[in-house]
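> compute the structure for the input listed below.
(chains A and B)
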Amino acid sequence: KQEVTQIPAALSVPEGENLVLNCSFTDSAIYNLQWFRQDPGKGLTSLLLIQSSQREQTSGRLNASLDKSSGRSTLYIAASQPGDSATYLCAVYPQGGSEKLVFGKGMKLTVNP
Amino acid sequence: NAGVTQTPKFQVLKTGQSMTLQCAQDMNHEYMSWYRQDPGMGLRLIHYSVGAGITDQGEVPNGYNVSRSTTEDFPLRLLSAAPSQTSVYFCASRGGGGGNQPQHFGDGTRLSIL
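Next up, the predicted model:
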């Protein structure tokens, strides 16, 4: 059974730091991996999607990498801002086209001014 | 473009009552899913649909029913509410394209069962 882990569960940093958020998964047979952001009381917003054949994706100050063989992904946030404060979740789609997206429990990020 | 719309936003039920959580998307997406989010458990898939008329079970389907009569709508029915179903429920949709389309989420329905 696929399991997705995000450690630590929470992180508090001063504004301006470059951050690395970690995601690990137990079964390397994935179709893709997605990173989401969730603000309090809101739904999830997709940040980046990395296909299994890709190594990384970039969007603005965000860069996500994928190493399938080691079962790891990282989300890099450059020059963090207070507006980046949110919970960040990663999720994997299993191979075979199933809709059964498996989520990590998320990491709550606080960026202090 | 409204995206994924969930109603109601909040609901309180008594044990044994039934209700339907509504979900509608205006992006002509084939795939729709229902998740529940509980503290310490993360998001868990309840049911999903790969197109009108086609639904399947996720990880935690017991106590819930779904149907998909149109592309736009994917309601979730609680048959006989139990306190264990107190949770935040999210509906999501995505387009086709072999699984490499991102999920779009609604803002959730916060449900309390007394």
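
> got the CA positions of whichever strand or helix holds A:L49 in CSV?
Per DSSP states H and E: A:L49 is located in strand A:44-51. Extracted C-alpha coordinates of strand A:44-51, given in CSV (Å, rounded to 0.1, in the frame of the first residue of the first chain):
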residue,chain,number,x,y,z
LEU,A,44,-6.4,22.8,-1.9
THR,A,45,-4.7,24.7,-4.7
SER,A,46,-2.4,22.8,-7.0
LEU,A,47,1.1,24.3,-7.1
LEU,A,48,3.1,21.9,-9.3
LEU,A,49,2.6,18.6,-11.0
ILE,A,50,5.6,16.4,-11.9
GLN,A,51,5.1,13.6,-14.3
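
> and the strands in chain A?
A:4-5, A:10-14, A:19-25, A:30-38, A:44-51, A:56-59, A:62-67, A:72-77, A:86-94, A:102-103, A:107-112 (DSSP state E).

> can you tell me if the fifth one touches chain B.
Going back to what we said before, that points to strand A:44-51. Yes. Shown here: strand A:44-51 in contact with chain B (Cβ under 8 Å from any Cβ of the partner chain) through A:L44, A:T45, A:S46, A:L49, A:Q51. C-betas here are computed from N, CA, C, even on glycine.

> angles on the backbone of A:S69, please.
phi -60, psi -30 (degrees, to the nearest 10).

> what's the local residue count around the nearest residue to it once chain neighbours are set aside?
Spatial nearest neighbour of A:S69, excluding adjacent residues (Cβ to Cβ, 6 or more residues apart in numbering or on different chains): A:S28 at 6.1 Å. Residues lying near A:S28 (other Cβ atoms under 10 Å in any protein chain shown) number 15.

> before we move on, what about the one 10 residues further on?
The tally of other residues near A:Q38 (other Cβ under 10 Å) stands at 20.

> which residues does stretch A:35-51 contact?
Applying Cβ atoms under 8 Å, 6 or more residues apart in numbering or on different chains, the contact partners of stretch A:35-51 are A:23, A:31-34, A:56-59, A:62, A:64-66, A:73, A:75, A:86-91, A:106, B:4, B:43, B:90, B:92, B:100-108.

> one more pass at 7 Å, please.
Residues from elsewhere that reach stretch A:35-51 (Cβ atoms under 7 Å, 6 or more residues apart in numbering or on different chains): A:32-34, A:56-57, A:59, A:62, A:64, A:66, A:73, A:75, A:86-91, A:106, B:90, B:100, B:102-103, B:105-108.

> so how far is it off the chain centroid?
In terms of Cα atoms, centre = their mean, to the nearest Å, the centre of stretch A:35-51 is found 8 Å from the chain centre.
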